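Engineer: Any chance you can model this:
(one chain, ligands or ions: 1)
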Amino acid sequence: MVKGMFVANPMEDPLRFQKPVSPCILVIFGAHGDLTRRKLIPALYRLAYERRLPTGFSVVGISRTALSDQQFRDKMRESVQEFLENSPFEMDLWNEFERGLFYMAGDVNDAGIYKRLGETIAAVDSQRQTDGSVLFYLSTQPSQYSQIAAGLGQAGLNRAPEGHANAWRRLIVEKPFGHDLSSARQLSQELRHYFDEREIYRIDHYLGKETVQNILAFRFGNVIFEPIWNRRYINHVQITAAESIGVEGRGAYYQEAGALRDMIQNHMLQVLATMAMEPPAAYEPDAVRDERAKLLRALKVMKPDDVLTHAVAGQYGPAQVGGNQLPGFRQEHGVKPDAQTDTYAAVTLFVENWRWAGVPFYIRTGKRLPKRTTDIAIQFNSAPLAMFQSDGDAGDSPATWPNLLVLRIQPEEGISLRFSSKHPGAGMKLRPVTMDFNYGTSFGARSPSAY
Ligand code: BG6
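Structural biologist: Just a heads-up that it's a prediction; the model follows:
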């Protein structure tokens, strides 16, 4: 990218990145796939829009489909125009951005592709002055992850070239990272053969969501919530990630994964850990990671019999929605007609530590549910004495609405607290009301996409 092309004085730009980012090439394996189109390139364009990309930043996309650089650029432009959220598409900016997009066709099973990739990297590096740093992004079939790492390693692409003192090589791995503990460990071992642990990034895009990060700010940047954030005050916690979409063309992958592996073991456990962990000693990656890990270690492991009482699985069938006939999961492309896959999963978890013993955490997620909503609802204990009458439907029974704190992750990002209030007029009847914080209203903009 041309220096200074975005703003006259970047120092005055409130969106500018605080830390200087060194130039690099991002190599995307699976560049013709859905993730690249829907998330990765729109997110990179958004970074360009925010002036956060380093000068010379470039992308080399790899996939089996034969495309020229220009065809790849055109496809990516269409994707950005379709999927960009919360920022405008500017043609001038795109023209600058697309000069950094390159493409090469190749099959990751073919050993020759890595040598060609090395040549492409060298050519882009000298054209765009990226100083030898490369980030490899694995957005392919999970079964190809170790093979790609090995191909990169055997071609020497896992190490920066001589003479580039500060250059680095890094690897981002998309989920699913294995399908159980032993396959995840094996994959880690295979990747570590060629990359150091500090060079490997196992991505969980939920950790990039502003509202998930805000859980930390909410808990540890305020004094009034932490004293009541425990079993003495909290009755239970519900974490919900409901999606209205189906599997959207990812039937073959999803059939093997299911809701438990696709959403719960990764995204939702990370949300749970962020919500429930102990305060870290500092806001530093390792300190936060350690507290999350401690919390996850304290989760009670279910025995086979517990599964019957603590877990539910379901699958969506065909339905008429808004005048459209939508296929059931078993009718989706790439799915077997007798697939047993869970597209809905709910589990009750317990954290066995002093803070949370006995507090149920109800976790649920599913596709093709009535609306898209992700939130954490924290229900507090009821007042010890029901002194007042309720208003409305509950007739004259005592008021029984416990306080409820809802951290809304998406789509209406915000926080609301329910409490009881006196209904105006004669008598002393109570009714639940809410105090609301809304991101859009307070910050004038919605959060960018997590990617
Ligand atoms: C992905 C899952 O990791 O997360 C998808 O594979 C799911 O199945 C998606 O739809 C949900 O992400 P978001 O950001 O839309 O909540």
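
Engineer: Contacts only, for whatever residue of the stretch 101-250 of the chain ends up closest to the ligand.
Structural biologist: Nearest residue of the stretch 101-250 of the chain to the ligand (CB to the nearest ligand atom) works out as Glu243 at 5.4 Å. No exception for glycine: its C-beta is placed from N, CA and C like everyone else's. By CB atoms under 8 Å, 6 or more residues apart in numbering, the contact set of Glu243 is Thr365, Gly366, Lys367, Arg368, Leu369, Arg372.

Engineer: thought the fifth one was touching Ala242?
Structural biologist: Yes. Using CB atoms under 8 Å, Leu369 is in contact with Ala242, at 4.1 Å.

Engineer: Count the neighbours of the closest residue to the ligand within the stretch 1-150 of the chain for me.
Structural biologist: Residue nearest to the ligand within the stretch 1-150 of the chain: Lys39 (8.6 Å; CB to the nearest ligand atom). Counted by other CB atoms under 10 Å, the residues lying close to Lys39 total 17.

Engineer: From Ile203, how far out is it?
Structural biologist: 11 Å (CB to CB, to the nearest Å).

Engineer: How about Trp356?
Structural biologist: 28 Å.

Engineer: With neighbour numbers in mind, choose between those two.
Structural biologist: Set Trp356 next to Ile203 and count neighbours by other CB under 10 Å: Trp356 wins out with 21 against 18.

Engineer: tell me which element Val237 falls in.
Structural biologist: For Val237, the host element (DSSP states H and E) is strand 234-242.

Engineer: I figured Asn381 hits Asn230, correct?
Structural biologist: No. In this structure, Asn381 is not within contact of Asn230 by CB under 8 Å, at 11.1 Å.

Engineer: What parts of the chain come near the ligand?
Structural biologist: Proximity of the chain to the ligand, by CB under 6 Å from any ligand atom, involves residues Glu243, Asp262, Thr374, Ala450.

Engineer: The third one: neighbour count?
Structural biologist: The burial count assigned to Thr374 is 24, neighbours taken as other CB under 10 Å.

Engineer: Check which element follows the lowest-mean-pLDDT helix or strand in the chain along the chain.
Structural biologist: Lowest by mean pLDDT, DSSP states H and E among the helices and strands of the chain is strand 389-390, with a mean of 74. Next in sequence after strand 389-390, counting helices and strands by DSSP H and E, comes strand 404-410.

Engineer: who does that following strand touch, helix- and strand-wise?
Structural biologist: On a contact count with 3 or more CB pairs under 8 Å, 6 or more residues apart in numbering; DSSP states H and E, strand 404-410 meets helix 210-220, strand 373-380, strand 414-422.

Engineer: Give me the three-state assignment for Val312.
Structural biologist: Secondary structure assignment for Val312 (DSSP: H, G, I helix; E, B strand; the rest coil): strand.

Engineer: no, scratch that, I was asking about Ala273
Structural biologist: helix.

Engineer: unless I'm mixing things up, it is touching Arg292, no?
Structural biologist: Yes. Ala273 lies in contact with Arg292 (CB under 8 Å); the separation is 4.0 Å.

Engineer: So which residues of this protein form helices?
Structural biologist: Counting by DSSP state H, the chain has helices at residues 34-35, 41-49, 69-83, 91-98, 112-128, 145-154, 181-192, 210-220, 251-259, 269-276, 285-297, 304-310, 439-443.

Engineer: How about the residue nearest to Asp436 when sequence neighbours are not counted: which residues does it bridge to?
Structural biologist: Of all residues not flanking Asp436 in the chain, Ser416 sits nearest, at 4.6 Å (CB to CB, 6 or more residues apart in numbering). For Ser416, the beta-bridge partners are Val406, Asp436 (DSSP bridges).

Engineer: quick one: Ser416 and Thr434 touch, right?
Structural biologist: Yes. Under the criterion of CB under 8 Å, Ser416 makes contact with Thr434 at 4.7 Å.

Engineer: For the two, work out which one has more neighbours and name it.
Structural biologist: Taking other CB under 10 Å, Ser416 and Thr434 do not tie; Ser416 has more neighbours (17 against 11).

Engineer: residues touching the closest residue to Glu413 other than its chain neighbours, list them.
Structural biologist: Closest residue to Glu413 apart from its sequence neighbours, by CB to CB, 6+ apart: Tyr439 at 4.2 Å. Tyr439 sits next to Glu210, Thr211, Glu413, Gly414, Ala445, Arg446, Ser447 when contact means CB under 8 Å, 6+ apart.

Engineer: Now the buried members of these.
Structural biologist: Glu210, Thr211, Glu413, Gly414, Arg446, Ser447 (16 or more other CB atoms under 10 Å).

Engineer: Tell me, how many residues neighbour the closest residue to the ligand within the stretch 251-400 of the chain?
Structural biologist: Going by CB to the nearest ligand atom, the ligand is nearest to Asp262 of the stretch 251-400 of the chain, at 4.8 Å. Asp262 has 23 neighbours, counted by other CB under 10 Å.

Engineer: Pull the contacting residues for it.
Structural biologist: Taking CB under 8 Å, 6+ apart, one finds Pro176, Tyr254 in contact with Asp262.

Engineer: same check, this time on Gly258
Structural biologist: Counting by CB under 8 Å, 6+ apart, Gly258 touches Ala313, Thr341, Asp342, Thr343, Ala345.
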